[in-house]
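Asker: Sequence and predicted structure below; questions after.
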Amino acid sequence: MPNLCDYDMRVEGKKDNVEKLLRIMKYEEPIHMYRIFSAEIYDSKKKSEDVYVVSICGDCAWSVYVCMLEGNSCYYQGEPDGTSLLQLTKELNLKIEIFSSEPGIGFQEHYFIDKGKLIVDEEADYNEFWFDEENLSKEEIEEEINRPITDEEFKDYLSEGYFSRGGFDGEYKYV
């Protein structure tokens with residue numbers, strides 16, 4: 001089974017074009033991207049007369065790069081029934097900003113694509129720490145992971161049941 005990558009993206013464009021992107025991501029069109037397991041709209045705002053900003057979350061295999069972009073080790077290699085976000089943003093006149101997390105391997109991705117041009121392409125180390133036991137003390141957690149944790153990480157564990165370390169702040173800057 002592949003490692004699972006969660007993603008969150010904001011898409012800016014005409015409503016019909018954003019809807020077509022979503023249909024492609026959900027395998028509801030003859031053309032498709034690869035190994036995207038889910039894509040759901042959770043927010044939509046009208047920006048101007050015919051331009052919307054739509055938030056989509058979901059998951060895919062391995063990474064956003066492998067499943068949705070182009071290049072070495074990507075699923076899309078120019079097949080006529082396949083496509084990528086680079087192709088789609090150009091064809092559909094879209095802007096897309098994406099953050100992803102793949103805690104199994106320990107990284108996050110951040111991309112910004114503007115009408116076919118990859119403007120931001122960055123990756124950061126990222127880890128999530130989950131524990132089977134409940135109500136561990138800070139010292140017990142530090143002993144289990146064999147390193148110190150911050151007070152903020154311990155507060156996250158107490159409220160969420162886990163804490164994360166590294167990665168991006170997840171603040172959208174471009175869309």
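Answerer: Arrived safely.
Asker: quick one: secondary structure of G78?
Answerer: Per DSSP: H, G, I helix; E, B strand; the rest coil, the secondary structure class of G78 is coil.
Asker: what about it, neighbour count?
Answerer: By the measure other CB atoms under 10 Å, the count of residues near G78 is 9. In short, each C-beta sits where N, CA and C put it, glycine included.
Asker: how close does it get to M33?
Answerer: Distance, G78 to M33, using CB to CB, to the nearest Å: 13 Å.
Asker: quick one: what helix or strand has E143 in it?
Answerer: E143 belongs to helix 138-145 when assigned by DSSP states H and E.
Asker: Can you name the element that comes right after that helix?
Answerer: Counting by DSSP H and E, the next helix or strand C-terminal to helix 138-145 is helix 151-160.
Asker: ok, back up a step: what residues of the helix holding E143 count as buried?
Answerer: In terms of neighbour count (16 or more other CB atoms under 10 Å), helix 138-145 has its buried residues at 138, 141.
Asker: swap in stretch 75-93?
Answerer: For stretch 75-93, a neighbour-count test (16+ other CB under 10 Å) marks 75-76, 82-89, 92 as buried.
Asker: go on, stretch 47-61?
Answerer: In stretch 47-61, counting by 16+ other CB under 10 Å, buried: 51-56, 58-61.
Asker: now swap in stretch 36-49 and tell me
Answerer: 36, 39.
Asker: Can you name the residues bridging to the nearest residue to K15 once chain neighbours are set aside?
Answerer: Nearest residue to K15, sequence neighbours excluded (CB to CB, 6 or more residues apart in numbering): Y52, at 5.2 Å. Beta bridges link Y52 to G13, K46 when assigned by DSSP bridges.
Asker: what's the pLDDT at Y52?
Answerer: Y52 is assigned a predicted lDDT (pLDDT) of 97.
Asker: Ok, E29 next?
Answerer: In this prediction, E29 carries a pLDDT score of 96.
Asker: Report how many residues lie close to it.
Answerer: Neighbour count for E29, taken as other CB under 10 Å: 14.
Asker: mind checking how far the closest residue to L4 other than its chain neighbours is from N146?
Answerer: Counting by CB to CB, 6+ apart, L4 lies nearest to D59, which is 5.5 Å off, once chain neighbours are set aside. Remark: distance between D59 and N146 (CB to CB) = 30 Å.
Asker: who's E122 bridged to?
Answerer: When assigned by DSSP bridges, E122 has beta-bridge partners H110.
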